[in-house]
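A.B. asks: Predicted structure and sequence below. I'll ask about it afterward.
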Amino acid sequence: MTPLMLWGSEGDSMSKTTTSVPHDSGIPRQMQRDDLLYVMVPAGEKGPTYKGWNLVSQGRRSDDPILAVHLQHGGNYGYYPAPGSDILSLDVDDRGTFHAAGGKDLVRETFRYSAWPDWHKYRAIVSCPDIPAHFRGHKLSIRNVLDHTIVELFFPAGMEKTGGQCIGPGSLHPNGNRYEIYDPDASIMTVRWSEIENIARIISPALADSIPEPESRAPVQSRGKTITERYGLSVMDNLPRDARIVGSEIRGVHPVHGSTSPGGNVAMNPNKGVVYCFRCAAGYDAAGWDAICRGIMSCGGTYDSDVMRRHLEVLDREKPEVRFLERIAWKRSRRRS
């Protein structure tokens with residue numbers, strides 16, 4: 001074990017002994033949890049190479065015998081929080097900026113590890129019981145005003161698949177180093193989402209009035225619901241490219257017509273369920289945004305009756321249960337009347 005000057009920011013430091021996980025010993029006890037799923041990664045790589053690894057149905061438990069054999073033969077492994085988990089994994093790419101924004105206190109006591117001797121980059125695992133539901137199934141970054149990634153957040157998986165995986169401690173980094181644990185006795189500590197949101201606001205403050213109220217709302221259906229409500233759509237179903245958290249918004253590059261602007265041209269507010277394209281000066285709810293991302297409507301266009309008809313044809317094929325349940329409800333109401 002080698003003493004390293006690690007944990008302080010540029011002006012302060014503290015001596016800490018790091019411990020390598022013996023690679024044939026399996027997964028650290030802190031990570032042997034029912035709400036973490038695992039994937040097999042080739043030695044020296046940072047991600048799996050086989051198809052379907054991001055499907056929850058393909059995730060393995062920490063005691064999976066096939067995973068154990070893979071590790072015993074020198075393979076790497078990745079992990080991600082299972083559906084319903086409170087676990088949040090943070091991949092810190094810029095320790096100085098992250099710590100200056102409050103990240104140092106956030107992860108001071110929690111389980112963390114790094115493949116860099118000076119710990120200028122590291123990963124931390126926390127429990128966050130109040131993770132907003134709309135973030136589940138995604139991986140998002142927090143970037144500074146220069147569009148440099150400071151930290152990536154790996155959220156719990158959705159019901160069918162995950163948005164990303166993190167390489168686990170003990171694995172071999174492409175730089176030739178093993179991922180070493182900072183404190184082998186550390187637990188996974190609990191944080192509040194508001195603490196992470198505050199850090200995001202400091203690193204990448206949002207513009208005060210970045211998203212005007214959308215003018216291109218999907219029309220109300222005859223059954224008294226918007227298409228968004230009727231089919232359970234969410235703006236988070238179609239994230240912009242290079243998505244990142246900016247205050248209470250998500251910013252990124254338009255997934256259809258792209259962007260020539262630094263930092264992207266799309267702003268999304270999951271809490272309000274709205275998206276705004278700055279190039280086209282047009283806003284949408286989840287239904288309008290879904291139609292654009294499917295190529296049914298052009299960005300800046302109008303969700304008219306023809307767009308609605310073609311959009312409903314697609315949604316009905318993908319979600320046949322909606323009309324089925326509506327018909328059952330209609331029959332029951334007829335009986336009562």
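C.D. replies: Noted; the coordinates are in hand.

A.B. asks: So this protein: which segments form each domain?
C.D. replies: According to automatic domain parsing, the chain comprises the domains 3-202, 227-336.

A.B. asks: Could you save those as JSON lines and add columns showing mean neighbour count and mean pLDDT?
C.D. replies: Backbone N, C-alpha and C define where each C-beta goes, glycine included. Formatted as JSON lines, the domains of the chain follow (neighbours: other Cβ atoms under 10 Å; pLDDT from 0 to 100):
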{"stretch": "domain 3-202", "mean neighbour count": "17", "mean pLDDT": "88"}
{"stretch": "domain 227-336", "mean neighbour count": "17", "mean pLDDT": "86"}
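
A.B. asks: distance of residue 322 from residue 288?
C.D. replies: Relative to residue 288, residue 322 is positioned 18 Å away (Cβ to Cβ, to the nearest Å).

A.B. asks: An error on my part: the question was meant for residue 125.
C.D. replies: Distance from residue 125 to residue 288, by Cβ to Cβ: 37 Å.

A.B. asks: just residue 231 next, same as before
C.D. replies: From residue 231 to residue 288 the distance is 13 Å (Cβ to Cβ).

A.B. asks: What of residue 194?
C.D. replies: Distance from residue 194 to residue 288, by Cβ to Cβ: 30 Å.

A.B. asks: same question, residue 94
C.D. replies: 36 Å.

A.B. asks: residues contacting the residue nearest the centre of the chain?
C.D. replies: With the centre of the chain defined as its mean C-alpha position, the nearest residue by Cα atoms, centre = their mean is residue 139, 2.2 Å away. Listed by Cβ atoms under 8 Å, 6 or more residues apart in numbering, the contact partners of residue 139 are 152, 153, 154, 155, 163, 164.

A.B. asks: ok, residue 236 - contacts?
C.D. replies: Under the contact definition (Cβ under 8 Å, 6+ apart), the residues listed for residue 236 are 134, 135, 137, 138, 268, 270.

A.B. asks: Report the spatially closest residue to the first one, excluding sequence-adjacent ones.
C.D. replies: By the measure of Cβ to Cβ, 6 or more residues apart in numbering, the closest residue to residue 134 outside its immediate chain neighbours is residue 270, 4.0 Å from it.

A.B. asks: mind listing what that neighbour touches?
C.D. replies: Contacts of residue 270 by Cβ under 8 Å, 6+ apart are 132, 134, 135, 234, 235, 236, 250.

A.B. asks: can you redo the residues you listed as a markdown table with secondary structure?
C.D. replies: Listed next are the contacts of residue 270 as a markdown table, based on DSSP: H, G, I helix; E, B strand; the rest coil:
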| residue | secondary structure |
| --- | --- |
| 132 | coil |
| 134 | helix |
| 135 | helix |
| 234 | coil |
| 235 | helix |
| 236 | helix |
| 250 | strand |
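
A.B. asks: what's the spacing between stretch 105-124 and its chain's center?
C.D. replies: 19 Å (Cα atoms, centre = their mean, to the nearest Å).

A.B. asks: From one end of that stretch to the other, what's the distance?
C.D. replies: 12 Å (Cα to Cα, to the nearest Å).

A.B. asks: what comes into contact with it?
C.D. replies: With Cβ under 8 Å, 6+ apart as the criterion, stretch 105-124 contacts 2, 4-7, 18, 28, 30-31, 89-96, 125-126, 166-167, 169, 173, 175, 177-183, 186-189, 191, 195-196, 199.

A.B. asks: Name the residues linked to the residue nearest to residue 47 when sequence neighbours are not counted by a beta bridge.
C.D. replies: Closest residue in space to residue 47, ignoring its immediate chain neighbours: residue 41 at 6.2 Å, by Cβ to Cβ, 6+ apart. For residue 41, the beta-bridge partners are residue 76 (DSSP bridges).

A.B. asks: tell me how far the ends of stretch 296-316 are from each other?
C.D. replies: Using Cα to Cα, the two ends of stretch 296-316 sit 15 Å apart.

A.B. asks: so how far is that stretch off the chain centroid?
C.D. replies: With Cα atoms, centre = their mean, you get 28 Å for stretch 296-316.

A.B. asks: Stretch 140-152 too?
C.D. replies: 13 Å.

A.B. asks: do stretch 27-38 as well
C.D. replies: Distance, centroid of stretch 27-38 to centroid of chain: 19 Å (Cα atoms, centre = their mean).

A.B. asks: With stretch 229-236 instead?
C.D. replies: The answer for stretch 229-236 is 18 Å, by Cα atoms, centre = their mean.

A.B. asks: start to end distance for it?
C.D. replies: Start-to-end, stretch 229-236 (Cα to Cα) is 14 Å.

A.B. asks: Stretch 132-149 too?
C.D. replies: 21 Å.

A.B. asks: Kindly report the same for stretch 141-160.
C.D. replies: Across stretch 141-160, first to last residue, Cα to Cα, it's 22 Å.

A.B. asks: Equivalent analysis for stretch 54-68, please.
C.D. replies: First-to-last residue span, stretch 54-68, Cα to Cα: 19 Å.
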